[in-house]
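In: dropping a prediction and its sequence here:
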Protein chains: 2
Amino acid sequence: MENHSLLFQCLLFTFLMYFSSTHSVKIPRLSSIPTWDTSLHHPATFYAKTSTDNINTFYYKQLLDHFNYRPQSYKTFQQRYLINFKYWGGANSSAPIFAYLGAEEAIDYSPEDVAFLTDNAASFNALLVYIEHRYYGKSVPFGSREEAFKNARTIGYFNSAQAMADYASVLIHVKKTLHAPNSPVIVIGGSYCGMLASWFRLKYPHIAIGALASSAPILYFDDITPQDGYYSVVSRDFREASETCYQTILQSWNEIDTAALSFLSHRFNTCRPLNKSSELKEYLIDMYTYAAQYNHPPRYPVTVICGGIDKGSFGSDILSKIYAGVVAFKGNTTCKVNAPSNLSETTLGWKWQTCSEIVMPIGIGNNSMFQPDPFSFKSFANDCKKLYGVSPRPHWITTYYGGHNIKLSLQKFGSNIIFSNGLRDPYSIGGVLENISDTVVAIHAVNGSHCLDIMGANHGDPEWLVEMRNKEIKIMKGWITQYYDDLLPLNGTINL
Amino acid sequence: MENHSLLFQCLLFTFLMYFSSTHSVKIPRLSSIPTWDTSLHHPATFYAKTSTDNINTFYYKQLLDHFNYRPQSYKTFQQRYLINFKYWGGANSSAPIFAYLGAEEAIDYSPEDVAFLTDNAASFNALLVYIEHRYYGKSVPFGSREEAFKNARTIGYFNSAQAMADYASVLIHVKKTLHAPNSPVIVIGGSYCGMLASWFRLKYPHIAIGALASSAPILYFDDITPQDGYYSVVSRDFREASETCYQTILQSWNEIDTAALSFLSHRFNTCRPLNKSSELKEYLIDMYTYAAQYNHPPRYPVTVICGGIDKGSFGSDILSKIYAGVVAFKGNTTCKVNAPSNLSETTLGWKWQTCSEIVMPIGIGNNSMFQPDPFSFKSFANDCKKLYGVSPRPHWITTYYGGHNIKLSLQKFGSNIIFSNGLRDPYSIGGVLENISDTVVAIHAVNGSHCLDIMGANHGDPEWLVEMRNKEIKIMKGWITQYYDDLLPLNGTINL
């Protein structure tokens, strides 16, 4: 598997958040954040590969700025979307449309990555549409990525409200083009685009009859979720896997701080000599974080790492044990630590998004296996301002989308949203974990991880995962049945 | 009464729509549209005057552009809002907040105009907040009205989505400042701001628990409502008042077209000699339209005009009868027709709004007492483009807010909206006239007119009007009771 998948995106979601939230974001850092070691991301066993044979590519002439009427607002760009017609029952049968709302990456591999859709499209006779998020992949305004990312004047149109208006426009266009006014649309997304899916249902109920929002931490804004929640869950995951492993990691930071850099470089077989111990620490934090977030069956990375650490094949001292954890997880064929880095478009794009709008105040508290590193909005904002010339707006997400007292707000408003979470996913701490109403529901798996439900099914999937997906399918079928019932008295009069 | 009231605003709403929809909008026209004869607008008996003694004025530092992150987006302006504390039960009692969402005019006189709020605040212990709409009154960006309206680069931020984000920000600020996190907010508006009220409830359910949307023609977009609906209702109103009156008006247009201008100027006692017969026709169309839209008790302008026409005190020929209708309605003390005009800020602002976003395709069909004048989007768009350099976006309102198949979209989504209409109001044809669900309800009065319910009560109000208002109050009380019930298990944990 290549470095383009949902896992990759989700990982960057995590580690970018980590960098943006727990470290100073200095200008040099933007170009020095290492691309995460991609060979780790996609053990083929994590999910099944889906054929892209049935994918058709389209472009829509999209408006740069839906929310203003300045001359510049009227610029357009080509927005890419993919359609898989293979399973569709067609317009005449009012067969449904599943719309995957593209996330912080190119859309090319989403059909493969979000194989939950292809796995289940046949039983719905569903059309599958995958819409690329503005400023990613081939959906870049201003003619080139370089121009689009040049400065805040051009990158300033890059945000979730604009992206959702894009999705709305594309979906109206697709339904019109396919003469499918009666086809109900369900939007689907995971992680960042899981947030988009739930918000889209709330903002555009006339376009989507429901949303499946997988691992969407929509409550990780303002002060709704404790800032230290994310890393507390990472730590809990490791502790549950092995108390000794947890203790070893807990003790390792001080060892790293006091060891000579040459010793560390040798011990961890780094690709280049370490310039500072934080290079190693950041690598390890990313690895633990990644392992916890994607603690998927059948491999369960946390268990793999802890197995290595506890076994201690390279020696019984703490740092040798930690290295054994690295090797257990990544293999020891080539160097991994402190490898030369490339900046992916996801890294660049997500950096902007977190520095403008998606301000998730994630820090490390005292209740973790890491060294404390609280979130400081002030320093975060300063660094973003230095990078882009504009400041983050930390309260916009809750102003526009809500989040505070969500049960009070939505228990008698809105319908047809599934918030699905795996509780081992550190982001689940910012997710919706309890039913808000009969139709805005939370599904969680105690042993689940990030976005697992919307990946493809495997023969070896544990029973709880099979059940979780079945539950989601059943609810979505219920939405569609209800929609057809509601449509019946109106039939023939519906239009777009 | 002065020329600042809700009636005035609503009138301009109408007649601007008329000009924008049924006539070429040429650049000279922008400055030549006459300010409507304000002495007509506010017969004191239309509604009771309310004291402004209890009004406190505040300003909020508002963001120019909520939806982008360009350097320019971060500009701010002072947004004005008014608060009446007199009736409020206070934060400790979680007493409600009624928020009037300012419309296409300065906010100064809204407390007087929307006296429904002051009439009923005491029985709710409600705080009354009136928020001025951006680009009107004192809430103008770029330092001055001149700069703000200079060209599309500055006026381009003037639209409903930005205005609603303004309202959201102000309401969060007010609740925070008053330490009133538990106080439920109900938003109220009429006509254009009735649309805003209903849309606000749909887009910001976490901020407003309900909306009273009076005379909000949210379905007069795209092809949802027949283009000729508005003028068909005007005509029906006149026909119901008097068949002979209706026939006289119907026949008058041809008479005007064939009469000499000097004769017309004399017959209608014009302030200046007519240059073309359309000047007279536009005056008359405005008058009929105004009379139908604001066919309020106890005066009932349509009845008054038809009384004059049918009586024919100035002669039995058609044009003399029409003139008698003018005199009956406006009095004959001074000239009215073809008076020199002033452009109000409402005229200028609303012109922009209809030319960018609020594209209501209103035309005159064959089924009316007027000469046919169908809506041509092409010519409308051309004229707007000439005026402002940017084109209208006729599908944005339905893309962002919906409208098509509204029952299907909202019957299981959303709650707590009252759509109130008077069926004699020509705009009611684009309103929601049937219940969408148990909690998104339509209230209409067969004999009602535009925005009548949210004006102040008078002793002579007909029973149906009293009942209409009581029904609204009862529903709003139900929302608040429900909210308190829902709040109870959460008490003490709510925050903003």
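Out: Thanks, I have it.

In: what about residue A:478, neighbour count?
Out: Residue A:478 is flanked by 13 other residues according to other CB atoms under 10 Å in any protein chain shown. (Glycine included, C-beta is placed from N, CA and C.)

In: ok, it to chain B distance?
Out: Using CB to the nearest CB, to the nearest Å, we find residue A:478 at a distance of 12 Å from chain B.

In: secondary structure element holding that residue?
Out: Per DSSP states H and E, residue A:478 falls inside helix A:463-487.

In: residues in contact with the closest residue to chain B within the stretch 251-400 of chain A?
Out: Closest residue of the stretch 251-400 of chain A to chain B, CB to the nearest CB: residue A:356 (4.4 Å). Shown in contact with residue A:356 (CB atoms under 8 Å, 6 or more residues apart in numbering or on different chains): A:156, A:158, A:159, A:384, A:388, A:390, A:392, A:393, B:69.

In: just the buried ones from the residues you listed, in ChimeraX syntax?
Out: Entered in ChimeraX, the line below selects the buried ones among these, by 16 or more other CB atoms under 10 Å in any protein chain shown:
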select /A:156,158,159,384,388,390,392,393 /B:69
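
In: in strands, which of the contacts of residue A:356 appear?
Out: Per DSSP state E, strands hold no members of the contacts of residue A:356.

In: up against chain B, what does the stretch 101-250 of chain A have?
Out: Residues of the stretch 101-250 of chain A that fall close to chain B, judged by CB under 8 Å from any CB of the partner chain: A:152-153, A:155-159, A:161-162, A:165, A:168-169, A:172, A:202-207, A:223.

In: my read: residue A:381 touches residue A:388, true?
Out: No: using CB atoms under 8 Å, residue A:381 makes no contact with residue A:388, being 10.9 Å away.

In: mind checking the pLDDT average for the helix holding residue A:478?
Out: Mean pLDDT, computed over helix A:463-487, is 97.

In: same for that helix, what does it pack against?
Out: Where contact means 3 or more CB pairs under 8 Å, 6 or more residues apart in numbering or on different chains; DSSP states H and E, helix A:463-487 is packed against helix A:115-124, strand A:185-190, strand A:210-214, strand A:417-422, strand A:440-445.

In: let's see it at 7 Å
Out: strand A:210-214, strand A:417-422, strand A:440-445 (3 or more CB pairs under 7 Å, 6 or more residues apart in numbering or on different chains; DSSP states H and E).

In: ranking the ones you listed by burial, who's on top?
Out: Burial among the helices and strands packed on helix A:463-487, expressed as mean neighbours by mean count of other CB atoms under 10 Å in any protein chain shown, is greatest for strand A:210-214, which shows a mean of 30.

In: go ahead and name everything in contact with the helix or strand immediately after that strand in the chain.
Out: Remark: after strand A:210-214, the chain's next helix or strand is helix A:229-241, criterion DSSP H and E. Residues outside helix A:229-241 that contact it (CB atoms under 7 Å, 6 or more residues apart in numbering or on different chains): A:245-246, A:249, A:288-289, A:292, A:295, A:302-303, A:306, A:362, A:364-365, A:367-370, A:424, A:426-430.

In: same check, this time on stretch A:468-475
Out: By CB under 7 Å, 6+ apart, stretch A:468-475 touches A:116, A:120, A:212, A:418, A:420, A:441, A:443, A:445, A:448, A:453, A:457.

In: pipe the contacts of residue A:356 into a markdown table and attach pLDDT per row.
Out: Conversion of the contacts of residue A:356 to a markdown table gives the following (pLDDT from 0 to 100):
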| residue | pLDDT |
| --- | --- |
| A:156 | 98 |
| A:158 | 98 |
| A:159 | 98 |
| A:384 | 96 |
| A:388 | 97 |
| A:390 | 97 |
| A:392 | 98 |
| A:393 | 98 |
| B:69 | 98 |
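
In: out of the contacts of residue A:356, which comes closest to residue A:256?
Out: Nearest to residue A:256 among the contacts of residue A:356 is residue A:384, at 28.4 Å by CB to CB.

In: among the residues of the stretch 101-250 of chain A next to chain B, the buried ones, what's the ChimeraX command?
Out: Under the burial definition 16+ other CB under 10 Å, those of these that qualify are selected in ChimeraX by:
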select /A:152,153,155,156,157,158,159,161,162,165,168,169,172,202,203,204,205,206,207
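
In: narrow the residues of the stretch 101-250 of chain A next to chain B to those in helices?
Out: A:152, A:153, A:155, A:161, A:162, A:165, A:168, A:169, A:172, A:202, A:203 (DSSP state H).

In: ok, now how distant is the first one from residue B:70?
Out: Separation of residue A:152 from residue B:70 (CB to CB, to the nearest Å): 6 Å.

In: thinking again about what came up before, mind listing what's buried along the helix holding residue A:478?
Out: Residues A:465, A:468-469, A:471-473, A:475-476, A:479-480, A:482-483, A:486-487 are the ones in helix A:463-487 that count as buried (16+ other CB under 10 Å).

In: check contacts around residue A:144.
Out: For residue A:144, counting by CB under 7 Å, 6+ apart, there are no contacting residues.

In: wait, I meant residue A:71
Out: Neighbouring residues of residue A:71 by CB under 7 Å, 6+ apart: B:152, B:153, B:389, B:390.

In: how about a markdown table for those residues, with distance to chain A added?
Out: What follows is these, written out as a markdown table (distance: CB to the nearest CB, whole Å):
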| residue | distance to chain A |
| --- | --- |
| B:152 | 5 |
| B:153 | 5 |
| B:389 | 6 |
| B:390 | 5 |
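
In: which residue ranges of chain A form strands?
Out: A:55-63, A:76-84, A:97-101, A:127-131, A:185-190, A:210-214, A:417-422, A:440-445.

In: could I get the ones you listed as a markdown table with mean pLDDT?
Out: Formatted as a markdown table, the strands of chain A follow (pLDDT from 0 to 100):
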| stretch | mean pLDDT |
| --- | --- |
| strand A:55-63 | 97 |
| strand A:76-84 | 98 |
| strand A:97-101 | 98 |
| strand A:127-131 | 98 |
| strand A:185-190 | 97 |
| strand A:210-214 | 98 |
| strand A:417-422 | 98 |
| strand A:440-445 | 98 |
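
In: and which of the contacts of stretch A:468-475 is nearest to chain B?
Out: Set against chain B, the nearest of the contacts of stretch A:468-475 by CB to the nearest CB is residue A:441 (14.2 Å).

In: just give the number of residues close to the closest residue to that closest one other than its chain neighbours.
Out: With CB to CB, 6 or more residues apart in numbering or on different chains as the criterion, residue A:441 has its nearest non-adjacent residue at 4.9 Å, and that residue is residue A:435. Look at residue A:435: counted by other CB under 10 Å, it has 14 neighbours.

In: wait, isn't residue A:435 in contact with residue A:442?
Out: Yes: at 5.4 Å, residue A:435 counts as touching residue A:442 under the criterion of CB atoms under 7 Å.

In: and for the closest residue to chain B within the stretch 351-496 of chain A, the neighbour number?
Out: Among all residues of the stretch 351-496 of chain A, residue A:402 sits closest to chain B, at 3.1 Å; criterion: CB to the nearest CB. Look at residue A:402: counted by other CB under 10 Å, it has 23 neighbours.

In: next, give me the two most distant ones among the contacts of stretch A:468-475.
Out: Based on CB to CB, the longest span within these runs between A:441 and A:457 and measures 21.3 Å.

In: just the C-alphas of stretch A:206-221, formatted as CSV.
Out: What follows is stretch A:206-221, C-alpha atoms only, in CSV (Å, rounded to 0.1, in the frame of the first residue of the first chain):
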residue,chain,number,x,y,z
HIS,A,206,-32.1,19.4,2.4
ILE,A,207,-29.2,17.8,0.6
ALA,A,208,-28.3,14.8,2.8
ILE,A,209,-30.9,12.7,4.6
GLY,A,210,-28.3,11.3,7.0
ALA,A,211,-24.6,11.2,7.9
LEU,A,212,-22.2,8.5,9.1
ALA,A,213,-19.5,10.3,11.0
SER,A,214,-16.8,7.9,12.0
SER,A,215,-14.3,8.9,14.7
ALA,A,216,-15.3,12.6,14.5
PRO,A,217,-14.0,14.5,17.5
ILE,A,218,-16.5,17.4,17.1
LEU,A,219,-16.3,18.1,20.8
TYR,A,220,-12.5,18.7,20.9
PHE,A,221,-12.9,22.5,20.6
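
In: I appreciate the help and will end here.
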